[in-house]
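Peer 1: One predicted model, sequence on top.
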Amino acid sequence: MLDTVKSRVNGLDLNALGEVVEAIEQDASKAKVSFDVTTRWTGQTRSETIVDGFTIAGERVARSHKIVADEPCELLGADSAPNPQELLMAAVNACMSVGYAAGAALKGITLDKLEIRTKGTLDLRGFLGLDDSVPAGYEVVDYEVTIAGNGTPEQFEEIHQTVMKTSPNYFNLNRPIRMNGSLRVG
């Protein structure tokens, strides 16, 4: 059970986490969370994505964030921001970071370091439509997690396995998901 004296580990409020888990166990509808973003092209290869809220347990929660994307000069952009591939990797790493931090906190492990390095190689022939046999996206993405703290290697391995099993963005990138696209002209 959670230690009431030490309810914050790695900055996470374990009592609040326990309350969320308990609420979801009592009412599964509280587990439904929907995220959405709106991206607008702003010229050249640059775009801005607006996050104006999310829905949890059927209730909209307002928030405001802007995410900018651009391509490097070598790919015809102005290099004013990370490109979409870098944002994709950042999103995966950020999601998994939550899992490692929370997993460690639940075990009472204080983290001294957590770093995830991710890389993938694209073949631009796929993106440019030059060769139908070349995929437009990654076939493999490699990542390395460096973690340090007062846990044992066995505890960190258990957390690592749990993150690969439970991270939404690990899941989203590691398995095919269906995308339903529609087009509205005008």
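Peer 2: Thanks, I have it. Residues are numbered from 1 along each chain as shown.

Peer 1: A91 is in what secondary structure piece?
Peer 2: Using DSSP states H and E, the element containing A91 is helix 84-106.

Peer 1: So, low pLDDT: which residues of this structure?
Peer 2: For the chain, the stretches flagged by pLDDT under 70 are 1-6.

Peer 1: So which elements touch the next helix or strand after the helix holding A91?
Peer 2: Downstream of helix 84-106, the next assigned helix or strand under DSSP H and E is strand 111-120. If contacts are counted by 3 or more Cβ pairs under 8 Å, 6 or more residues apart in numbering; DSSP states H and E, strand 111-120 sits against helix 84-106, strand 141-149. The way it works is simple: take the backbone N, C-alpha and C, and place the C-beta from them, glycine included.

Peer 1: one more time with 10 Å
Peer 2: Contact analysis of strand 111-120 by 3 or more Cβ pairs under 10 Å, 6 or more residues apart in numbering; DSSP states H and E lists helix 84-106, strand 141-149, helix 153-166 as its packing neighbours.

Peer 1: winner for burial among the ones you listed?
Peer 2: helix 84-106 (a mean of 18; mean count of other Cβ atoms under 10 Å).

Peer 1: thinking in terms of the whole chain, how far from its middle is that one?
Peer 2: Between the centre of helix 84-106 and the centre of its chain there are 5 Å (Cα atoms, centre = their mean, to the nearest Å).
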